[in-house]
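[1] with the sequence up front, the predicted model follows.
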Amino acid sequence: MKLPPGRIVPSANAAPIGAGRRGFLRRAALLGGGALAGSAPLRAAAAGVDDLPPNVPAWSRTLGAPVLASPYGVPSPYEAGVKRRESPGLTRTPYSSVSFTPLQNLFGIITPSGLHFERHHAGVPDIDPHQHRLIVHGLCRNPRVFAMDDLVRFPSVSRVHFIECGANTGMEWNNVAVPTVQYSHGMIGCSEWTGVLLSTLLDEVGIDRAKAKFVLAEGADGAALTRTIPLEFALDDVIVAYGQNGEMLRPEQGYPVRLVVPGVQGVSSVKWLRRIEIGDAPWNTREESLHYVDLMPGGKHRQYTWIQEAKSVITSPSGGMTLLDRGYHQISGLAWSGRGTVRRVDVSVDGGRNWRTAMLQAPVHTKALTRFRIDWQWNGGPALLQSRVIDDTGYVQPTMRQLRAVRGTRSIYHNNAIQTWRIDPSGAVTNVQLA
Amino acid sequence: MSSWRDIVLLVAMAALSPAPALGAPQAPAYGFGKPATAEEIAGWDIDVRPDGKGLPHGHGSVAQGQLLYDAKCASCHGTFGESNDYLLIAGGVGTLAGDQPVRSTGSKLNHATTLWDYIRRAMPFTAPQTLTVDETYALTAYVLYLNDILPADAALDHNSLVALKLPNRDGFTTRHGFLRRGGQPDTRNVACMRDCDSGSKLASQIPEYARDDHGNLAEQTRALGATATAKVSATPPPARDTLALAKQSACMACHGVADRVVGPGFREVATKYAGDPAAEARLAAKLRTGGGGTWGAVPMPAQPQLSETDAKALVRWILAGAK
């Protein structure tokens, strides 16, 4: 059966809430998704009724695909809509751009490597790991060149950390600008990173601890991106990482080796790492003077705004979704803090007037995404969903109003405001801001 | 750094970091890798600090820079550095404190060394690390000339580049809570639980015209579980190639899609003429013959090269929200 392509998901207002609406919207959504995802899901959706009990579906009456049908496994074609996306109009060239993680579709705390947001400043280099080198030099006794062979021989660690772009949620400083959590909060990912601690390498080259105050990290890409990292971080938990979620880094995540600077804005986690220089003063690089600086009211820029403060967002339900039924819904989302661990997350369904404390998924890692969940009975009325994180320093995630009172609306970076999703009686969920 | 006082502050804070563990090894503990030779380091060590550390000696003039710029840079950055298609490199000096800050290399830059460093490491965009030292000096001089920071007959060398005091030299501060994990936050929300003063008045939502800007949301949310995908509007998205037509026709030199450049943003135009059925024909004619006075003093130049069909397509697209 051939269905007309395109926009056959009806307005959510087209059917009243109650009997029949759920199935109606579900079918419509499946058809809409299937039409865009490809012909196989479309056929299945169209033929779906025949596969339900008591009928025995076609896939139960035939052989499936053999092993190695896909030597490196890929998601089901029914999941084709789950992918990174650019925000139209945000950047002028895909070679210096950003793609956003589809947080609305993810579970738990780990971001699949292929869905981890991308930010490159001069495209993704194609690096032969056997020809790649990392030079560590500057204020040290024994400057050294490390091949990948060398780096993987050092004692390794595997740790779960988020990486969040400093500009995440930057489009929302003035007003609501984007429809879904993918675009509003999707410049974040969380992975299990494996590598050697930077402190191990700094010891290996005999860092001059009396004079050294900062290190410079530099990429091997066409941007040769550079960032200053204070020694306080470099000697603590910074990882020279080659592994992500159990395998080598993906090219767009820095293959074969990158920095992971936990809790610090993502641009410091320099990808395709080729050089670490140890110095005694910050470098004022382009990415810490012309960009990644926060414009304050009065015209001054805050410089070296390394820390990502505590932040949270509800990912389900979230913008672009439609609640199908009244009754039970699990509200679920993500919280994190660049200063440490998430201690508590509160959720409000009335725009911040009353709050309840959510459950946190264990284990809670430091400087990592933390999943929270809370039960909710939707009575069909309008609702304003918010989440609010408190980290282990006692810091409480601020409101948009509180942030603007201090920083105005032009700072681009470090927008960690409480997010509001409005649910209208039709069940439609939209991005709103309150005042 | 806005000032040496800030640098001193920052370095002093770093010095207060927790003392590292004792017993750091004197010789490589593992012995992996090999010693880096001076020659190997020199080939890659290209960073330049504001104090001039790392800046090679050389020389380049504004005039030499103009020739290089026109050949290698103008296609992206515009003849006068005015193009915002990539990152704006000229203009807006002194505007950062106002209501409409213009963010450009000229308005934000605090040290000319940073511009030199960046041009050498990352420009031209499609052929980075191909410029010579002297070419880098010349291009740095020319970009500063485009910002009225250097005169047309100027030239730069190591000493003059480091000594140059830029308009935004004191425009940066490190007095904030983001330097250290224990830094002091600038907001103090409290975790009220009951009958809180939330100010829950609706202040902002996606405008109707922008609802489909991010594509078909139905495709972007998994249709399993308690939620379905969002409705999408009944009107199909307009063809994207109208934007290309607008760029080809030089519209984008004076108009942004959303924002005013010299003339109004396309969406401002759409808002102004919303509900005016005669606007399409009137504006299509005006595109070709020119106009003035509607949006301020700067006239809209005539565009006789536009065909009637293209003019109508552009206006229809603009009035539909330029999506």
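    Thanks, I have the structure now.
[2] for the stretch 301-435 of chain A, which segments are assigned as strands?
    A:301-302, A:311-316, A:321-323, A:327-336, A:342-348, A:356-357, A:359-360, A:370-378, A:383-391, A:420-423, A:429-434 (DSSP state E, counting those that start in this stretch).
[3] okay, those strands in a markdown table with distance to A:Thr180, mean pLDDT and mean neighbour count next?
    In this view, the C-beta of every residue, glycine as well, is placed from N, C-alpha and C. Below are the strands of the stretch 301-435 of chain A laid out as a markdown table (distance: least, CB to CB, whole Å; pLDDT from 0 to 100; neighbours: other CB atoms under 10 Å in any protein chain shown):
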| stretch | distance to A:Thr180 | mean pLDDT | mean neighbour count |
| --- | --- | --- | --- |
| strand A:301-302 | 29 | 98 | 22 |
| strand A:311-316 | 10 | 98 | 27 |
| strand A:321-323 | 8 | 94 | 26 |
| strand A:327-336 | 14 | 97 | 21 |
| strand A:342-348 | 19 | 98 | 22 |
| strand A:356-357 | 25 | 98 | 14 |
| strand A:359-360 | 24 | 98 | 14 |
| strand A:370-378 | 19 | 98 | 18 |
| strand A:383-391 | 14 | 98 | 24 |
| strand A:420-423 | 10 | 98 | 24 |
| strand A:429-434 | 7 | 96 | 22 |
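[4] format the ones you listed as JSON lines; extra columns: distance to chain B.
    Output for the strands of the stretch 301-435 of chain A, formatted as JSON lines (distance: least, CB to the nearest CB, whole Å):
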{"stretch": "strand A:301-302", "distance to chain B": "5"}
{"stretch": "strand A:311-316", "distance to chain B": "7"}
{"stretch": "strand A:321-323", "distance to chain B": "4"}
{"stretch": "strand A:327-336", "distance to chain B": "5"}
{"stretch": "strand A:342-348", "distance to chain B": "6"}
{"stretch": "strand A:356-357", "distance to chain B": "8"}
{"stretch": "strand A:359-360", "distance to chain B": "15"}
{"stretch": "strand A:370-378", "distance to chain B": "9"}
{"stretch": "strand A:383-391", "distance to chain B": "6"}
{"stretch": "strand A:420-423", "distance to chain B": "7"}
{"stretch": "strand A:429-434", "distance to chain B": "4"}
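[5] of those strands, which is nearest B:Met123?
    Smallest distance to B:Met123 across the strands of the stretch 301-435 of chain A (CB to CB): 22.3 Å, for strand A:301-302.
[6] for A:Ala28, give me the pLDDT.
    Turning to A:Ala28, the model gives it a pLDDT of 50.
[7] where does the stretch 151-300 of chain B have low pLDDT?
    B:229-240, B:248, B:250, B:253, B:262, B:293, B:296-299 (pLDDT under 70).
[8] at 90 what do you get?
    Applying pLDDT under 90 to the stretch 151-300 of chain B picks out residues B:197-201, B:206-213, B:215-300.
[9] now do the strands in it.
    With DSSP E, counting those that start in this stretch as the criterion, the stretch 151-300 of chain B has strands at B:155-157, B:172-173, B:202-205, B:227-229.
[10] I'd like to know which elements the longest one is packed against.
    Read that as strand B:202-205. For strand B:202-205, the elements it packs on are strand A:429-434, judged by 3 or more CB pairs under 8 Å, 6 or more residues apart in numbering or on different chains; DSSP states H and E.
[11] pull the CA atoms of the strand it packs on into CSV?
    What follows is strand A:429-434, C-alpha atoms only, in CSV (Å, rounded to 0.1, in the frame of the first residue of the first chain):
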residue,chain,number,x,y,z
VAL,A,429,4.2,20.5,24.8
THR,A,430,5.9,23.8,23.8
ASN,A,431,8.9,25.8,24.9
VAL,A,432,8.0,28.9,26.9
GLN,A,433,9.7,31.4,29.2
LEU,A,434,8.1,32.9,32.3
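[12] please enumerate the helices of chain A.
    Here chain A has its helices, by DSSP state H, at A:21-37, A:39-47, A:148-151, A:181-185, A:198-204, A:231-234, A:400-407.
[13] again with chain B
    B:4-15, B:38-44, B:62-72, B:74-77, B:105-108, B:112-122, B:133-146, B:158-163, B:241-248, B:266-272, B:279-289, B:308-319.
[14] in a markdown table: these, plus distance to chain A and mean neighbour count.
    What follows is these, written out as a markdown table (distance: least, CB to the nearest CB, whole Å; neighbours: other CB atoms under 10 Å in any protein chain shown):
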| stretch | distance to chain A | mean neighbour count |
| --- | --- | --- |
| helix B:4-15 | 4 | 15 |
| helix B:38-44 | 5 | 12 |
| helix B:62-72 | 15 | 18 |
| helix B:74-77 | 9 | 18 |
| helix B:105-108 | 5 | 24 |
| helix B:112-122 | 4 | 25 |
| helix B:133-146 | 12 | 24 |
| helix B:158-163 | 12 | 16 |
| helix B:241-248 | 9 | 15 |
| helix B:266-272 | 11 | 19 |
| helix B:279-289 | 22 | 16 |
| helix B:308-319 | 14 | 18 |
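[15] so which of those is nearest A:Val124?
    The nearest among the helices of chain B, by CB to CB, is helix B:112-122 at 15.2 Å.
[16] and the angle from the closest one to helix B:133-146?
    Interaxial angle of helix B:112-122 relative to helix B:133-146 (axes from the mean of the first three to the mean of the last three CA atoms, to 10 degrees): 130 degrees.
[17] just the angle between helix B:112-122 and helix B:62-72, please?
    30 degrees.
[18] for helix B:112-122, which outside residues touch it?
    Under the criterion CB atoms under 8 Å, 6 or more residues apart in numbering or on different chains, residues A:121-122, A:222-226, A:284-286, A:289-290, B:46-50, B:52, B:54-55, B:105, B:109, B:128-129, B:131, B:133, B:136-137, B:139-140, B:143-144, B:156, B:161-162, B:164, B:166 lie in contact with helix B:112-122.
[19] send me it as PDB with only the CA atoms.
    Taking C-alpha atoms only, helix B:112-122 is exported to PDB below (Å, rounded to 0.1, in the frame of the first residue of the first chain):
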ATOM      1  CA  ALA B 112      46.900  42.400  18.300                       C
ATOM      2  CA  THR B 113      49.100  39.300  19.000                       C
ATOM      3  CA  THR B 114      45.900  37.200  19.200                       C
ATOM      4  CA  LEU B 115      44.900  38.300  15.700                       C
ATOM      5  CA  TRP B 116      48.400  37.500  14.400                       C
ATOM      6  CA  ASP B 117      48.300  34.100  16.100                       C
ATOM      7  CA  TYR B 118      44.900  33.200  14.700                       C
ATOM      8  CA  ILE B 119      45.600  34.300  11.200                       C
ATOM      9  CA  ARG B 120      48.700  32.200  11.100                       C
ATOM     10  CA  ARG B 121      47.100  29.100  12.600                       C
ATOM     11  CA  ALA B 122      43.700  29.000  11.100                       C
END
